[in-house]
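K.L.:
this one's sequence-less:
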């Protein structure tokens, strides 16, 4: 298999709920007026806490510094696994599960933080630029590694043995609480040429729906399965659009423009983290994706500024719930 | 003929060119998401100087006070002339010319300031609420006057003779310089249901075109006929959309959605005012519309925060230019 280090230098930012109004102008430009920016990698995810915006440096220039925006300090590089010369999207239903053992686990063992961004088309594994040498030395046994430079795939030189790897001492990872909200999600795409047709709906959902839903807010932790969660993700990466939304949001869009995988599968969410996770802890993705891989359960995985989110097929949510309970050493429900 | 005092209490505001970015959120809401606001009268006009926003009090609530926004201090009421029970839009090609002698001239004589807003459908004559009694007493001989209250047209009581009218001393009005830019304009409408189809184009033109045109800026006064002017007007009033744009902007829109009058006429602009006109001077509209009426030349008329703009049929621009030169006592061009 091939691993490609894509030609995007990414920033990970967070815009506060109240601050979104101040970023409407640049965000609408980034979403709908691609020709007016040089941005080629853009992702916006709304969660109950904030809006996570991941974008390349060209896009980042559009965002004015503001008290309403937090910026993670590093530059992140997206990695993409390509099997047999085909982008892994050919088996997209498998999602992050497919790379759990080959990429996620080895990086976690080397204490490399990853920020995951699954889309309809593929799964991006974001790593810090400063960790790149460790990433390459960790994965070069399993993968042929290429760096994309101005449209060309350039083989990455083998890292000499003397390179410092992070220590390999096994650290018992924190087992984070999880939340399993009631919504059903769909993972969809859209022909970029038809994006204008859903512009007002998308604008309404992204920028004006925040205060209208009385159920809104951080889900109650009293009963972790009771509530629905606000979660909406839009990405426009190298010309491909991906949307993740729950079925309630989906109803606002014209049914004939958005498309999902042929199975039309619905997904349930596992949100990872009781307190915001930060960016330095390693192994969070591995903790979820390894047992999913052991059970061969497909999953999308979307990291945000505060929490991580795995999406699993709705028919598997029972098994996943059991698995997570077991991992947390709680007695299984009767 | 009937004169209707419409059931809208309007504010006239100006947003600076640099400040528009701070108003993108509320303006997009007012333009595209009518159901999320109670606004029923909204007009946005871009000129080289600023953006003039005229809107009712429900809409005005959406605009946060800001250093980037100026607000004219008065509440304005829109008047509308209705002939034979039909709104004057049935003869809309005649525009403001039709009401020059019956409304504009008498109000100017009474020193009542008017703010004109011609649309595809009709012509609104905005007067200050505090001038309403004078307006009624001035026009009640010529018109049956009705006040629209919650959808009902209520006849307005005759104003008793004792009412103070403004003095009638003839004041020689200032003759303002005019500018006749080179662009050709069209006055168009759009089915509100198809507004989403042009959303991204309209957003692009309104919010992102400002810095892209090197010709932009206040037209040079060195040669008043050399330059094109930036002028774009959008209004959404009682569910009717009207757009005024030049042919260059028009090319960005899909040809099949916007419609113009059957004649497909193009219009030339006369901008009135060398320095910003302010709101207190009376008789500016009368100065232009009276000679147009004498020559039976149709005209739209759009007041903005800084300047007034008359649009006349392109085939009449020669006659209008001569007329204006004569009015300014300049020798006619050879």
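P.N.:
Okay, I see it. Worth saying up front: this structure is predicted, and the values here are computed from it rather than measured.
K.L.:
Could you use CA atoms for every contact and neighbour count after this?
P.N.:
Fine.
K.L.:
thought residue A:197 was touching residue B:195?
P.N.:
No: if you go by C-alpha atoms under 8 Å, residue A:197 and residue B:195 don't touch, sitting 10.3 Å apart.
K.L.:
Run through the stretch 51-200 of chain A and note the low-pLDDT ranges.
P.N.:
Scanning the stretch 51-200 of chain A for pLDDT under 70 picks out the ranges A:84-94, A:159-172.
K.L.:
how near is residue A:71 to chain B?
P.N.:
Taking C-alpha to the nearest C-alpha, to the nearest Å as the measure, residue A:71 falls 21 Å from chain B.
K.L.:
what does residue A:154 give?
P.N.:
37 Å.
K.L.:
Need the residues that contact the helix or strand hosting that residue.
P.N.:
If you go by DSSP states H and E, residue A:154 is part of strand A:152-155. Here strand A:152-155 makes contact (C-alpha atoms under 8 Å, 6 or more residues apart in numbering or on different chains) with A:4, A:144, A:145, A:146, A:147, A:148.
K.L.:
can you check stretch A:186-196 too?
P.N.:
By C-alpha under 8 Å, 6+ apart, the list of residues contacting stretch A:186-196 reads A:32, A:119-120, A:239-247, A:250, A:257-261, A:264-267, B:197-200.
K.L.:
and if we set it to 7 Å?
P.N.:
A:120, A:240-247, A:257-260, A:265-267, B:197, B:200 (C-alpha atoms under 7 Å, 6 or more residues apart in numbering or on different chains).
K.L.:
List the buried residues in it.
P.N.:
A:186, A:187, A:188, A:189, A:190, A:195, A:196 (16 or more other C-alpha atoms under 10 Å in any protein chain shown).
K.L.:
for stretch A:312-331, same thing?
P.N.:
A:312, A:313, A:317, A:320, A:321, A:323, A:324, A:325.
K.L.:
Mark which of the residues you listed are part of strands, please.
P.N.:
Taking DSSP state E, the ones among the buried residues of stretch A:312-331 that sit in strands are A:312, A:313.
K.L.:
May I see the buried residues of stretch A:312-331 arranged in TSV, with pLDDT as well?
P.N.:
Converted to TSV, these look like this (pLDDT from 0 to 100):
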residue	pLDDT
A:312	94
A:313	94
A:317	95
A:320	94
A:321	93
A:323	91
A:324	90
A:325	88
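K.L.:
which of the buried residues of stretch A:312-331 sit farthest apart?
P.N.:
A:313 and A:325 (17.8 Å; C-alpha to C-alpha).
K.L.:
ok, then the element right after the strand holding residue A:154?
P.N.:
Following strand A:152-155 in sequence, per DSSP H and E, is strand A:178-179.
K.L.:
what's the following helix or strand after that next one?
P.N.:
strand A:185-190.
K.L.:
And that following strand, how far out from the chain middle?
P.N.:
14 Å (C-alpha atoms, centre = their mean, to the nearest Å).
K.L.:
excluding its backbone neighbours, what's nearest the closest residue to chain B within the stretch 201-334 of chain A?
P.N.:
Going by C-alpha to the nearest C-alpha, chain B is nearest to residue A:204 of the stretch 201-334 of chain A, at 7.3 Å. Nearest non-adjacent residue to residue A:204, counting by C-alpha to C-alpha, 6 or more residues apart in numbering or on different chains: residue B:33, 7.3 Å away.
K.L.:
and that neighbour, how many neighbours?
P.N.:
Neighbour count of residue B:33, defined by other C-alpha atoms under 10 Å in any protein chain shown: 17.
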